[in-house]
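S.K.: next one to model:
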Amino acid sequence: MIIDIHGHYTTAPTQLRDWRNKQIANIGSGKPFTDTLTISDDEIRETIIKGQLKLQQDRGTDVAIFSPTAGGMAHHYGDASTSLQWTRIVNDLVKRVCMLFPDSFIPVCQIPQSPGVSPENCIEELDRCVNEMGFIGLNLNPDPSDGYWTDPPMQDKYWYPLYERMVELEVPAMIHSSMSCNPNFHGTGAHYINGDTSFFMQMIQGDLFKDFPTLKFVIPHGGGAVPFHWGRYRGIAQDMGKPTLDEHLMNNVFFDTCVYHQRGIDLLADVIPADNILFASEMIGAVRSVDPLTGRYFDDTKPYIDAVPGLSDEDKAKIFEGNARKVYPLIKNYLK
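M.R.: A predicted model of the protein is given here:
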């Protein structure tokens, strides 16, 4: 089985974008935003069948772990109530997709983060998604200010109430930045990679997994800059008096395969143990064009894994399926 752990509903019907634009325009008006979102099941089917599902079938993916579009989280808009209203809308929509296509999609949720607001504020929506709607994980924005890093680093006890609930619910988080409103950082080309890399360094600095030994995180986009600078991070950890990275982090931190070129995947598979790599494509997402060097879409990532030199069939099975089952234990409710 091929499990893609990184899919976003980026092709949602235009009514969703229109609703969000109206909500944002209403911020500061002093009036509650009460518009309803109306999207039919047929409209959802059309966007999925012609988009995500077609590509999954063409590329040999059996099932995708599916969430709201990451760039659209945009937690900096409005306040906590704005974020909650938007979050419930998109989580409900993702759940509808997964109900309409239960053999192809498994839901992961957005949470209602807001700059300067305790992550504890997100627990009620996380509970609703997991306990009432069967979601198996969450996307966690390391920078709810979307480009200015105003909240504490993620090893800080500020985040502990959310981590405690994640452990209780047995759900992992994908560390996923959202849009960038800082002009210094392009969203998908810089801010996403900054978030991935910064999170890993924060985990080195702290001792989070002494307090939460079963807590699990997935760093997307191949771990940002981490695999390329593995020696730097090993050395920094050593200079700080931390345990080796294998002992300090690698029972709890995992990497996906959204790298988009063969040499990058080869490096990832050479540096990071196969036990810590999960197959992913992020389609339909950050890069949507065809690579002129290969003639394939950049985000068609399965052929990269297939072509990694010396990667055993056993390790490929871990990357394509086994590790997803390990990191997302509630996936057992969907897959036999």
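
S.K.: show residues contacting stretch 211-222.
M.R.: Contacts to stretch 211-222, defined as Cβ atoms under 8 Å, 6 or more residues apart in numbering, come from residues 5-6, 140, 160, 163-164, 166-167, 172-176, 192-193, 196, 199-200, 203, 208-209, 226, 251-259, 264-265, 268, 278, 280, 282, 327. (C-beta placed from N, C-alpha, C; glycine too.)

S.K.: are any of these buried, and if so which?
M.R.: Listed as buried from the contacts of stretch 211-222 are 5-6, 140, 163, 166, 172-176, 192-193, 196, 199-200, 203, 208-209, 226, 252-259, 264-265, 268, 278, 280, 282, 327; burial here means 16 or more other Cβ atoms under 10 Å.

S.K.: quick one: the helices in the stretch 101-250 of the chain?
M.R.: Taking DSSP state H, counting those that start in this stretch to define them, one finds helices in the stretch 101-250 of the chain at 123-127, 133, 160-169, 192-205, 208-211, 230-239, 245-248.

S.K.: tell me the most buried of these?
M.R.: helix 192-205 (a mean of 22; mean count of other Cβ atoms under 10 Å).

S.K.: which strands and helices sit next to it?
M.R.: Contacting helix 192-205 under the criterion 3 or more Cβ pairs under 8 Å, 6 or more residues apart in numbering; DSSP states H and E are the following elements: strand 173-175, strand 217-219, helix 230-239, helix 245-248.

S.K.: which residues make contact with that helix from outside it?
M.R.: 70, 141-143, 149, 153-155, 175-177, 185, 209, 217, 219-221, 223-226, 233, 236-237, 240, 242, 245, 248-249, 252-253, 286.

S.K.: kindly report the same for stretch 13-28.
M.R.: For stretch 13-28, contacts defined as Cβ under 8 Å, 6+ apart pick out 33, 35, 37-39, 43-44, 47, 72, 77-78, 82, 85-86, 89-90, 93.

S.K.: buried subset of those residues?
M.R.: Among these, those classed as buried by 16+ other Cβ under 10 Å are 33, 39, 44, 47, 72, 77, 78, 82, 86, 89, 90, 93.

S.K.: quick revisit: mean pLDDT and distance to residue 17 added to the helices and strands packed on helix 192-205, as CSV?
M.R.: Below are the helices and strands packed on helix 192-205 laid out as CSV (pLDDT from 0 to 100; distance: least, Cβ to Cβ, whole Å):
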stretch, mean pLDDT, distance to residue 17
strand 173-175, 98, 23
strand 217-219, 98, 27
helix 230-239, 98, 39
helix 245-248, 98, 41
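
S.K.: show me the one of the ones you listed that comes nearest residue 311.
M.R.: Evaluated with Cβ to Cβ, the helices and strands packed on helix 192-205 place helix 230-239 nearest to residue 311, the distance being 17.7 Å.

S.K.: next up, the contacts around the nearest residue to residue 68 once chain neighbours are set aside.
M.R.: Spatial nearest neighbour of residue 68, chain neighbours left out: residue 90 (3.8 Å); criterion: Cβ to Cβ, 6 or more residues apart in numbering. Neighbour list for residue 90: 9, 16, 68, 69, 72, 110 [criterion: Cβ under 8 Å, 6+ apart].

S.K.: before we move on, the earlier item: need the helices and strands packed on helix 192-205 in CSV (columns: distance to residue 51).
M.R.: Shown next, in CSV, are those (distance: least, Cβ to Cβ, whole Å):
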stretch, distance to residue 51
strand 173-175, 21
strand 217-219, 23
helix 230-239, 36
helix 245-248, 38
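
S.K.: nearest to residue 304, of those?
M.R.: strand 217-219 (17.7 Å).

S.K.: quick check: neighbours of the closest one in the sheet, parallel or antiparallel?
M.R.: Applying DSSP bridges, strand 217-219 is found paired with strand 173-175 (parallel), strand 253-256 (parallel).

S.K.: in CSV: those strands, plus distance to residue 334.
M.R.: Below are these laid out as CSV (distance: least, Cβ to Cβ, whole Å):
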stretch, distance to residue 334
strand 173-175, 17
strand 253-256, 19
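
S.K.: can you say which of the ones you listed is nearest to residue 127?
M.R.: Using Cβ to Cβ, the nearest of these to residue 127 is strand 173-175, at 14.6 Å.

S.K.: could you say what helices and strands the lowest-mean-pLDDT helix or strand in the chain packs with?
M.R.: Using mean pLDDT, DSSP states H and E, the weakest-scoring helix or strand in the chain turns out to be helix 52-59, at a mean of 94. Judged by 3+ Cβ pairs under 8 Å, 6+ apart, helix 52-59 is in contact with strand 3-9, strand 63-68.

S.K.: hey, C-alpha coordinates of the following helix or strand past the longest one in CSV?
M.R.: Beyond strand 3-9 in the direction of the C-terminus, DSSP states H and E gives the next helix or strand as helix 14-26. Written as CSV, here are the backbone C-alpha positions of helix 14-26 (Å, rounded to 0.1, in the frame of the first residue of the first chain):
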residue,chain,number,x,y,z
THR,A,14,-14.5,28.9,-5.2
GLN,A,15,-17.2,29.5,-2.7
LEU,A,16,-14.7,28.7,0.1
ARG,A,17,-12.3,31.4,-1.0
ASP,A,18,-15.2,33.9,-1.4
TRP,A,19,-16.4,33.1,2.1
ARG,A,20,-13.0,33.6,3.5
ASN,A,21,-12.5,36.9,1.7
LYS,A,22,-15.8,38.2,3.1
GLN,A,23,-14.8,37.1,6.6
ILE,A,24,-11.5,38.9,6.4
ALA,A,25,-13.2,42.0,5.0
ASN,A,26,-15.5,42.0,8.0
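
S.K.: no more questions from me, cheers.
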